[in-house]
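Asker: any chance you can model this:
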Amino acid sequence: MAENHFSRPAGGVCHLYVRHTENYIVLTNELITRATMGLTVAMGLYILWAPEGTSVTVESLCARWREGRTLIRRALRELEEIGFLERRVEQGPDGRLTTRTIIHHRPRDLESLPVGATPS
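Answerer: Coordinates of the predicted model:
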């Protein structure tokens, strides 16, 4: 078994990296650094993880978290404000209105920038 060597100082966090090959998502640091509420980060991670077609309505999220409708709405709004979530009301062929939720894996203001570039 290989030894683990830490190149970090004795104090503070040390990272022990493992290569993930299944059951993982890639997350940009902006979700963590831009969000002001832990629930926003948790909800963003959940929506990033959720398979296409998963319901992410306030009601379905209330069934998952016990924080309540007000905090869940606030977290969804924050995800929109920091550029990770987009909600569009669309009319189907039958005339019925539905909300399409789009999760951005990079915040919208960074999507057009090359990876590694910083916004001006």
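
Asker: give me phi/psi at E81?
Answerer: Torsion angles at E81 (phi, psi; degrees, to the nearest 10) stand at phi -60, psi -40.

Asker: from L31, how far off is it?
Answerer: E81 sits 13 Å away from L31, going by CB to CB, to the nearest Å. Every C-beta, even on glycine, is put in place using the N, C-alpha and C of the backbone.

Asker: so where is the chain shaky, pLDDT-wise?
Answerer: Low-confidence segments of the chain, defined by pLDDT under 70: 1-9, 111-120.

Asker: helices along that one, start to end?
Answerer: 29-34, 38-49, 58-64, 69-81 (DSSP state H).

Asker: mind putting these into TSV with distance to R106 and mean neighbour count?
Answerer: Shown next, in TSV, are the helices of the chain (distance: least, CB to CB, whole Å; neighbours: other CB atoms under 10 Å):
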stretch	distance to R106	mean neighbour count
helix 29-34	7	14
helix 38-49	11	18
helix 58-64	22	13
helix 69-81	13	17
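
Asker: for I103, find the nearest of the ones you listed.
Answerer: I103 lies closest to helix 38-49 among these, at 4.8 Å (CB to CB).

Asker: okay, the angle between that closest one and helix 69-81?
Answerer: Using axes from the mean of the first three to the mean of the last three CA atoms, to 10 degrees, one finds that helix 38-49 and helix 69-81 are set 70 degrees apart in direction.
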